[in-house]
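Novice: return atomic coordinates for the entry below.
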Amino acid sequence: MTQAPQNGTSTTPRAVGGGYLFGVPVGDLGWFSSLIMGTALGFAAFFAATFCGIIGILIYNSATHQAVDFTLSYRRIGLPVGLMVLVLALAYLGTLWVRRQLRRA
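Specialist: Residues are numbered from 1 along each chain as shown. This next block holds a predicted model:
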């Protein structure tokens with residue numbers, strides 16, 4: 001059994017708050033790192049939403065015996081979700097970067 005440190009500090013990384021998101025220090029990212037992270041989140045959201053859209057259309061087609069085109073999962077589900085997450089992630093990470101730059105000046 002392990003014991004907690006006596007000085008009151010925790011060895012567990014912070015989950016949310018204070019510039020940390022699931023242990024990743026997003027408050028310390030530079031502008032290029034913020035750009036890469038925001039773009040990666042947008043792509044991940046696009047692929048996840050497209051996958052869920054394909055599964056949803058597959059279930060709908062199986063249940064109703066209608067032929068709904070699978071390209072709707074890209075155009076109507078994946079693209080809007082991916083773009084929305086991309087814009088929100090870039091706005092959030094950009095705001096953190098600008099606030100950090102203004103604090104240094």
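Novice: got the contact list for residue 67?
Specialist: The neighbours of residue 67, taking CB atoms under 8 Å, 6 or more residues apart in numbering as the test, are residue 61. Every C-beta, even on glycine, is put in place using the N, C-alpha and C of the backbone.
Novice: now the phi/psi pair for it, please.
Specialist: Dihedral pair for residue 67: phi -110, psi 90, per degrees, to the nearest 10.
Novice: so it versus residue 77, what's the distance?
Specialist: Using CB to CB, to the nearest Å, one gets 18 Å for the distance from residue 67 to residue 77.
Novice: swap in residue 62?
Specialist: Relative to residue 77, residue 62 is positioned 18 Å away (CB to CB).
Novice: neighbour count for the two, which is higher?
Specialist: Taking other CB atoms under 10 Å, residue 62 and residue 77 do not tie; residue 77 has more neighbours (19 against 9).
Novice: name the nearest residue to that one, sequence neighbours excluded.
Specialist: residue 53 (3.5 Å; CB to CB, 6 or more residues apart in numbering).
Novice: following the worst-scoring helix or strand of the chain on mean pLDDT, which helix or strand comes up?
Specialist: Lowest on mean pLDDT, DSSP states H and E among the helices and strands of the chain sits strand 16-17, with a mean of 56. Heading C-terminal from strand 16-17, the first helix or strand you meet, by DSSP states H and E, is strand 20-21.
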